[in-house]
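Undergrad: generate coordinates for the sequence data below:
(chains A and B)
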There are 2 protein chains.
Amino acid sequence: MQEKRISNAVVKRLPRYYRYLGMLMKEGKDRISSGELSRIMHVTASQIRQDLNLFGGFGQQGYGYNVAYLREEIARILGLDRTYTMIIVGTGNLGSALASYVRFQDKGMHVTGLFDVAPERVGTKVRDIVVQHVDQLDDFLSVNEVDIAALTLPRQGALDVLPVLARHGVEGIWNFSGIDLPVGEGTVVENVNLSESMMELTYRLGHRTARAARETEVQEGQQEAGTE
Amino acid sequence: MQEKRISNAVVKRLPRYYRYLGMLMKEGKDRISSGELSRIMHVTASQIRQDLNLFGGFGQQGYGYNVAYLREEIARILGLDRTYTMIIVGTGNLGSALASYVRFQDKGMHVTGLFDVAPERVGTKVRDIVVQHVDQLDDFLSVNEVDIAALTLPRQGALDVLPVLARHGVEGIWNFSGIDLPVGEGTVVENVNLSESMMELTYRLGHRTARAARETEVQEGQQEAGTE
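TA: This is a model prediction of the structure:
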């Protein structure tokens, strides 16, 4: 199926569709109308139709969407129909959280290596994987193909491993290090910046007026109150 | 100073300005032009002028911006000129990571309570704070004013504590639980969804073309290549 070119805003909404469709499947629901989906997701029905239409439109007039089929198509679009190998560089609390998060495995993400610089962590195990020293990363990548490197270590450490990752063609970087990483053209960086997230929260706490609160919500999730 | 109403996109950029200005201060830089800031941040100079103009404009023609003053003003706008009390509900790896993250303290965030349901965690300490059982949350909030609750626990657990938080007027929720939380009008929810972040990464890995890669970058950070 030919996908139309889609905006980043839509890409950010797809995982949410995927999540809600999974919940509906668990509830044994076979099909759903854009109106119903609108009510449970607090997104307008027209937004839903518009988003899903970008992928060729899975709905049928008067029938709605086939939940399982729609979920499978969205999974395919999101790239969840294949598996990925991931290494985690930095095995503090955050890195350990990622390594232990079973939900990632459900989505085809397999952690194949853990690395750290701290001597007290090297040699320990997280979820049956032995933590290796970052100095061994180069050798590891020479014999293991890795799709994604999660960088859960401080700024300088993240900068230090970048050339090693680039040399071995690791094309996905999940960056928790709190800085902007200088990477080459073909490399995809997904940033998770907890400090910035916290500052957004404090900003919004300080700028709450009924009007501002509503507007933030609408802009953030392209949401509108459901008609329930 | 009167702030104009600003969009969510600008709010998301402010922490990044704050971060870069902090770096410049450390380097001993007193002032900076929008052109220089543009080059190091990979944002267009006109974008920078437009963003900062929303807050009354701190720059002077031919002089540029006073780094320390601009950073202080942005800190004030972000609400970093005051302190916040935060509790963390869920003290697994992710909750422990938040509790241990010293950078939050620099920004006025004080963790005053930790809560969990797991018997093996209750009574243990994270950073000198004893983990209490979630059943004690109600009592704790009766005597302690809390600005922000970080919810680093599974979906159902997060839903379970919401009424307790609402009853005691906890107005900021930092939600790591992976679901959309139904909260009242005055409550601010900042979502960090690691599963969705991972899916954005896999989507972008699967849809890389030179053109798509460039466009994603531009949309995400409103970036343009610097002129360096």
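Undergrad: hmm, the helix or strand encompassing residue A:73 touching chain B?
TA: Assigned by DSSP states H and E, residue A:73 belongs to helix A:67-78. Yes - remark: helix A:67-78 sits within contact range of chain B at A:77-78, by CB under 8 Å from any CB of the partner chain. Yep, even glycine has a C-beta here, placed from its N, CA and C like the rest.
Undergrad: so which elements touch that helix?
TA: Counting contacts by 3 or more CB pairs under 8 Å, 6 or more residues apart in numbering or on different chains; DSSP states H and E, helix A:67-78 is packed against helix A:8-26, helix B:194-206.
Undergrad: tell me which of those sits nearest to residue A:96.
TA: Comparison of the helices and strands packed on helix A:67-78 against residue A:96 by CB to CB identifies helix B:194-206 as nearest, at 13.2 Å.
Undergrad: which residues touch that closest one?
TA: The contact list for helix B:194-206, computed with CB atoms under 8 Å, 6 or more residues apart in numbering or on different chains, reads A:11-12, A:14-16, A:18-19, A:77-80, A:84, A:98, A:101, A:103-104, A:107, A:109, A:147-148, A:171-172, A:174, A:188, A:190, A:192, B:176, B:178, B:216.
Undergrad: which helix or strand contains residue A:115?
TA: Per DSSP H and E, residue A:115 falls inside strand A:109-116.
Undergrad: what are the contacting residues of the helix or strand following that strand?
TA: Next in sequence after strand A:109-116, counting helices and strands by DSSP H and E, comes strand A:125-126. With contacts defined as CB under 8 Å, 6+ apart, strand A:125-126 is touched by A:91, A:95-96, A:99-100, A:114, A:131.
Undergrad: any quick ChimeraX command for the buried ones out of the contacts of helix B:194-206?
TA: Applying 16 or more other CB atoms under 10 Å in any protein chain shown to these, the buried members can be selected in ChimeraX as follows:
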select /A:11,12,14,15,16,18,19,77,78,79,80,84,98,101,104,107,109,147,148,171,172,174,188,190,192 /B:176,178,216
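Undergrad: tell me the SS of residue A:190?
TA: The local conformation at residue A:190, judged by DSSP: H, G, I helix; E, B strand; the rest coil, is strand.
Undergrad: what's across from it in the sheet?
TA: Assessed by DSSP bridges, residue A:190 has beta-bridge partners residue A:174.
Undergrad: surely it and residue A:176 touch.
TA: No - checked against CB atoms under 8 Å, the pair residue A:190 and residue A:176 is beyond contact range at 9.7 Å.
Undergrad: and residue A:116, what are its bridge partners?
TA: residue A:133.
Undergrad: then the one 10 residues further on?
TA: Using DSSP bridges, the bridge partners assigned to residue A:126 are residue A:129.
Undergrad: tally of neighbours for it?
TA: Residue A:126 has 20 neighbours, counted by other CB atoms under 10 Å in any protein chain shown.
Undergrad: and if you look at the one 3 residues further on?
TA: Under the neighbour criterion other CB under 10 Å, residue A:129 is assigned a count of 16.
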